[in-house]
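Peer 1: below are the sequence and a predicted model for it; my questions follow.
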Amino acid sequence: KIKQRSLQNVPGPASPSFITGIATEFHSPFDMRFREHVLTSYGRVLTILMPLGDVAVAISDPVALAAMLGRYRDVFELPAWFSDTLNAVWGPGLMSVQGKEHSQQRRLLNPAFAVRHLRDMVPTFSGVSRELVAVLRKEVREARTELDISQFLSRFTLESIGRTGLGYTFGALDNHGTDYSRALKEFGPAMMKLHHWRLYLPWVRRIFPRSWLRWATEVLPWPALRHMRGISDSVYMASLEVLQRKRELLKHGRDSLSNEVGEGKDLVSILLRLDTSVSDENLIGHMLLLTLGATDTTSSMISRVIELLARHPEVQAKLREELEGVTSGSSRSLADLDYEAYAALPHLEAVIRETLIRETLRMYPPLQISPRVAYMDAVLPLGQVTGADGRTIDKLFVPEGTIVWINMFGLNRDKDIWGPDADEWKPERWLKPLPPSVADAHIPSIYANTASFLAGPRACIGYNMALTVMRIAITHLVLFFNFAPSEKEIVWMNGGVVSPTVKGATSLKPELPVVMTALY
Ligand code: HEM
């Protein structure tokens, strides 16, 4: 704490309590408004007061972020409590390992995400999108039917990722329920119940052997912990079954998976073919992290786009008109669109990917902040940062042990970068040249100058897959249905990712009522 004096001149919201700081309010899963206010109102470096006077920092300054994600990548790593929890529940995946081990795993996984594999997945995404349309059609029998679309979108993304990621089907979209899918859905809320205890896990793991910890999860009278253990076990067993079947089939030749769900073109089959020496434990860790990383983020994004289109009928009508122009609106012509055909439709690309998705990802990133810890003292260079005393600060001493949140939300909404209308959702901003301040800021980014997929060694590995599946789903939805807003007020909450729900909800289950009309 004495070392943290270097952070005294950094602005940030005051705390009414030394005991709790503002951590509880800041991390509250039920209302995002306080967090969003904090992340955008105190400049590019700000402090967040934690319990008992500890200070965390949130950074959206592009110069500091470039250093954190570049030359100081090994100094600012994921906190041990974060990686250890994922490791304990899911096994060793990308986010439960650090440093060199992470780079090695990433090198192993990267080839599976190559565009040529993604291309093979397009027919599957289109197929699941058609199933989504068919299921929704059954629900939307009358003009103007109000329904909770988020549950369908979450089944849609889980099924899309199941087939293309794992080579596994969770079943029909209107009757989704395997032990696997139920366990995955229960993970987020179950983790929220254990959230505060996660901080002690690295310490507990250092003291007690792994076998003892497993035994403890069985005997301790702690329902939340037992529930998590149950989730972990059932997902592990289901994954192992999928994996062993694939390994068995592969013994009969590389083409032997072609009659399976993913036709051998799914990520796990690709990985198995690339390197069959990877252990089951490692592969299961990857499978689960990919599924978790992919589903809630992607379905939350599609939900957000649908909600925005419902609230902006003029944008929706224009989009539909343009889509009908290129596809003629029939399901057959849509079904025929493969990866090349989509890419050859520059207009479609421009409309959906380059305006709607870019702007929605910029304004509403499903992950708003990402945690890092300074594993040793470091001095970060700063670009444009003003201290609490009104003077410019050009570097920041970050003491070892300080939690540093990468503030993706603040960076995407920075008015000095994006202009005075940064808080407005304007898809059309992407049709004209962006203000020169965007290029001048040198934002560390892998997509469209936004921080939504992050950058650096831990940038989202599946971002191209996410963009492809979102584009295909949105095309189908907009062509077949009209969306209007429900009278219920939607409040966006944080359950790991930002999820919609109606005002007053006390559970973290996403709910997005919209009024739908079938168009064909
Ligand atoms: C709109 C959808 C998505 C968004 C906004 C998103 C965003 C992100 C972000 C911000 C990170 C960095 C997290 C951190 O370092 O704290 C990340 C990492 C990751 N994402 Fe995504 N993601 C999306 C979809 C996907 C998909 C479809 C997949 C897989 C098929 C995926 C797999 C992963 C994995 C495995 C990581 C960990 C990478 C590593 O640690 O090396 N994500 N994602």
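Peer 2: Everything's here; your move.
Peer 1: going forward, measure contacts between C-alpha atoms and count neighbours the same way
Peer 2: OK.
Peer 1: in which helix or strand would I find the residue of the stretch 151-300 of the chain found nearest the ligand?
Peer 2: Shortest the stretch 151-300 of the chain-to-the ligand distance, computed as C-alpha to the nearest ligand atom: residue-wise this is residue 294, at 3.5 Å. Per DSSP states H and E, residue 294 falls inside helix 280-311.
Peer 1: could you say what helices and strands that helix packs with?
Peer 2: Contact analysis of helix 280-311 by 3 or more C-alpha pairs under 8 Å, 6 or more residues apart in numbering; DSSP states H and E lists helix 80-90, helix 149-161, helix 223-250, helix 313-327, helix 358-363, helix 463-480, strand 481-485, strand 498-502 as its packing neighbours.
Peer 1: export those as JSON lines, with columns for mean pLDDT and distance to the ligand.
Peer 2: Output for the helices and strands packed on helix 280-311, formatted as JSON lines (pLDDT from 0 to 100; distance: least, C-alpha to the nearest ligand atom, whole Å):
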{"stretch": "helix 80-90", "mean pLDDT": "82", "distance to the ligand": "10"}
{"stretch": "helix 149-161", "mean pLDDT": "92", "distance to the ligand": "7"}
{"stretch": "helix 223-250", "mean pLDDT": "84", "distance to the ligand": "16"}
{"stretch": "helix 313-327", "mean pLDDT": "82", "distance to the ligand": "20"}
{"stretch": "helix 358-363", "mean pLDDT": "97", "distance to the ligand": "7"}
{"stretch": "helix 463-480", "mean pLDDT": "92", "distance to the ligand": "4"}
{"stretch": "strand 481-485", "mean pLDDT": "97", "distance to the ligand": "21"}
{"stretch": "strand 498-502", "mean pLDDT": "90", "distance to the ligand": "10"}
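Peer 1: for those, give me TSV that also has distance to residue 298.
Peer 2: Shown next, in TSV, are the helices and strands packed on helix 280-311 (distance: least, C-alpha to C-alpha, whole Å):
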stretch	distance to residue 298
helix 80-90	20
helix 149-161	7
helix 223-250	21
helix 313-327	20
helix 358-363	10
helix 463-480	6
strand 481-485	19
strand 498-502	11
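Peer 1: follow-up on the earlier one: now the helix holding residue 294 and helix 313-327, what's the angle there?
Peer 2: Note on geometry: by axes from the mean of the first three to the mean of the last three C-alpha atoms, to 10 degrees, helix 280-311 and helix 313-327 are set 110 degrees apart in direction.
Peer 1: list the buried residues of helix 280-311.
Peer 2: Within helix 280-311, the residues scored as buried using 16 or more other C-alpha atoms under 10 Å are 281, 283-311.
Peer 1: please apply the same query to stretch 20-34.
Peer 2: Within stretch 20-34, the residues scored as buried using 16+ other C-alpha under 10 Å are 20-23, 26, 28-32.
Peer 1: can you give me the end-to-end distance of it?
Peer 2: 16 Å (C-alpha to C-alpha, to the nearest Å).
Peer 1: list the contacts of it.
Peer 2: The contact list for stretch 20-34, computed with C-alpha atoms under 8 Å, 6 or more residues apart in numbering, reads 15-16, 35, 48-53, 491-495, 506, 508.
Peer 1: residue ranges with poor pLDDT in the stretch 151-300 of the chain?
Peer 2: Applying pLDDT under 70 to the stretch 151-300 of the chain picks out residues 176-177, 196, 199, 254.
Peer 1: those residues of it touching the ligand, which are they?
Peer 2: Applying C-alpha under 6 Å from any ligand atom, we find that the stretch 151-300 of the chain lies next to the ligand at 289-290, 293-294, 297-298.
Peer 1: at 8 Å instead, please
Peer 2: Taking C-alpha under 8 Å from any ligand atom, the part of the stretch 151-300 of the chain that reaches the ligand is made up of 161, 165, 286, 289-300.
Peer 1: please, where are all the strands along the stretch 301-450 of the chain?
Peer 2: Ranges of strands in the stretch 301-450 of the chain, per DSSP state E, counting those that start in this stretch, are 369-374, 378-386, 392-398, 403-407.
Peer 1: what about residue 508, how many neighbours?
Peer 2: 18 (other C-alpha atoms under 10 Å).
Peer 1: just checking, it is part of a helix?
Peer 2: No - Residue 508 is assigned coil when assessed by DSSP: H, G, I helix; E, B strand; the rest coil, not a helix.
Peer 1: give me the distance between it and the ligand.
Peer 2: As judged by C-alpha to the nearest ligand atom, to the nearest Å, residue 508 and the ligand stand 19 Å apart.
Peer 1: test my guess that that residue contacts residue 493.
Peer 2: Yes - between residue 508 and residue 493 there is a contact at 7.4 Å, judged by C-alpha atoms under 8 Å.
Peer 1: and for the two, which residues touch both?
Peer 2: Residues touching both residue 508 and residue 493 by C-alpha under 8 Å, 6+ apart: 29-30, 501.
Peer 1: would JSON lines of those residues with distance to residue 209 be doable?
Peer 2: Shown next, in JSON lines, are those (distance: C-alpha to C-alpha, whole Å):
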{"residue": "29", "distance to residue 209": "33"}
{"residue": "30", "distance to residue 209": "36"}
{"residue": "501", "distance to residue 209": "41"}
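Peer 1: of all these, which comes closest to residue 59?
Peer 2: residue 29 (21.0 Å; C-alpha to C-alpha).
Peer 1: quick check: the gap between that closest one and residue 15.
Peer 2: For residue 29, the distance to residue 15 - C-alpha to C-alpha - is 19 Å.
Peer 1: do the same with residue 520
Peer 2: Applying C-alpha to C-alpha to residue 520 and residue 15 gives a distance of 55 Å.
Peer 1: more neighbours: which of those two?
Peer 2: The residue with more neighbours, out of residue 520 and residue 15, is residue 15; 16 against 10, by other C-alpha under 10 Å.
Peer 1: is it possible to get TSV of the helices and strands packed on helix 280-311 that adds mean neighbour count and distance to residue 143?
Peer 2: TSV is the format used below for these (neighbours: other C-alpha atoms under 10 Å; distance: least, C-alpha to C-alpha, whole Å):
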stretch	mean neighbour count	distance to residue 143
helix 80-90	20	44
helix 149-161	24	16
helix 223-250	17	40
helix 313-327	16	16
helix 358-363	22	28
helix 463-480	21	13
strand 481-485	22	10
strand 498-502	23	23
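Peer 1: closest one to residue 352 among the ones you listed?
Peer 2: The closest of the helices and strands packed on helix 280-311 to residue 352 is helix 463-480. By C-alpha to C-alpha, the value is 6.3 Å.
Peer 1: show me what that closest one is packed up against.
Peer 2: In terms of contacts (3+ C-alpha pairs under 8 Å, 6+ apart), helix 463-480 is packed against helix 115-139, helix 280-311, helix 313-327.
Peer 1: run the angle between the longest one and helix 80-90 for me.
Peer 2: Direction vectors for helix 280-311 and helix 80-90, defined by the same axes, to 10 degrees, enclose an angle of 110 degrees.
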